[in-house]
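**Student:** need coordinates for the following:
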Amino acid sequence: MNLDAKSVGELVQSIAAKGARGRVRRVFRTSAYLETRGGLILILRGTLRSPMTVNVVSGPHFIEELKINDRFELNSKELRLGGNRIRIDGAESFRSSLLKTKKVKPISGVEIVKAASSLKLLYSASEVSLDLVTGQAFNEFCDVVLRPLAAGRPEQAYRLPNYASLLGSGTGFTPAGDDFVAGFTAAFNFSARGIGKNPILLPLAELRRRTVLESAFLLDYAQRGYVDENLQRLILAGFDNEPLQFRAEISELASRGHTSGLDMSLGVLVLLACARHGKTLESALEALGN
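**Tutor:** Prediction:
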């Protein structure tokens, strides 16, 4: 079966330029994760773009027919997968906007607290409610990392042990703690580029040791600025003083996964609260029900 990709992420293009082989690692109804030595690739029958995604939006449904350990080959022109050929050289390219150095203008403390209240309501509608926010791991992270960061002391944010109790914790295909850390580090590092500070870089080898492989790669991509377009828009809105857009993106992300979208949004929100210093973090935590 011959198919055409609608969009191809820049990480996929980088892997394809060198040529790669690998296997199908995970299959869902409309998506599949492919594992290569160069990283993880997501095949998605849908329009949500990311640097690691190949989007196929038309043609027969083929993903459900894939099986774990099916082999694939990738080059700069096409992806050969499960008897299918997906042409990628004519597709549009999706590139991260978080790698650009921009002057950051965080939304106000008042708007951050409003967003926290909205996030609490969205969490309350989920099956697990506020388990992450009220859990011991999150409370410890607040004391060890967030409160010092809000007081202008960022040193603890760079230490891997301070993330240990969050990594691999919680429910969902990608654990809730991982999603929170992904949102937090993606936002932290975008802000760091804008103000000339060092980024957080948690070693991929350690991430793989502490959580499932797919989540480890997604977290590593996020801290390096490679996230999907919804999370990207959330971060850009938060640091470009666009509060209405920020809350709209939280609502858009709310339907992602089990609570993945909410957990990533939480990571971005608390980083913004820390960036505002003063009492914003405590007010945001209170609005969240912490």
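
**Student:** next, residue 93: secondary structure please.
**Tutor:** Look at residue 93: counting by DSSP: H, G, I helix; E, B strand; the rest coil, its state is strand.

**Student:** how much space between it and residue 13?
**Tutor:** Taking Cβ to Cβ, to the nearest Å as the measure, residue 93 falls 6 Å from residue 13. No exception for glycine: its C-beta is placed from N, CA and C like everyone else's.

**Student:** same question, residue 244
**Tutor:** Distance of residue 244 to residue 13, computed by Cβ to Cβ: 34 Å.

**Student:** neighbour count: the two, which is higher?
**Tutor:** residue 13 (18 against 10; other Cβ atoms under 10 Å).

**Student:** what is the mean pLDDT for the host helix or strand of the more buried one?
**Tutor:** Assigned by DSSP states H and E, residue 13 belongs to helix 10-18. Regarding helix 10-18, the rounded mean pLDDT is 96.

**Student:** ditto for stretch 179-187
**Tutor:** 98.

**Student:** just the CA trace of it, in PDB.
**Tutor:** Provided in PDB are the C-alpha atoms of stretch 179-187 (Å, rounded to 0.1, in the frame of the first residue of the first chain):
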ATOM      1  CA  ASP A 179       4.400  14.200  32.000                       C
ATOM      2  CA  PHE A 180       4.700  16.800  34.700                       C
ATOM      3  CA  VAL A 181       8.500  16.800  34.500                       C
ATOM      4  CA  ALA A 182       8.300  17.000  30.700                       C
ATOM      5  CA  GLY A 183       6.100  20.100  30.900                       C
ATOM      6  CA  PHE A 184       8.300  21.700  33.600                       C
ATOM      7  CA  THR A 185      11.600  21.100  31.900                       C
ATOM      8  CA  ALA A 186      10.400  22.100  28.500                       C
ATOM      9  CA  ALA A 187       9.100  25.400  29.900                       C
END
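
**Student:** what's in contact with it?
**Tutor:** Contacts with stretch 179-187, where a contact means Cβ atoms under 8 Å, 6 or more residues apart in numbering, come from 98, 132, 138, 163, 166-167, 172, 200, 202, 218-219, 222-223, 225, 227, 231, 235, 238-239, 257, 259-260, 263-268, 270-272.

**Student:** what of stretch 156-166?
**Tutor:** For stretch 156-166, contacts defined as Cβ under 8 Å, 6+ apart pick out 136-138, 140-141, 144-145, 148-149, 177-178, 180-181, 188, 198, 200, 202-203, 206, 210.

**Student:** in ChimeraX, select just the buried ones from these.
**Tutor:** Selecting only the buried entries of the contacts of stretch 156-166 in ChimeraX, with 16 or more other Cβ atoms under 10 Å as the criterion:
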select :137,138,141,144,145,148,149,177,178,180,181,188,200,202,210
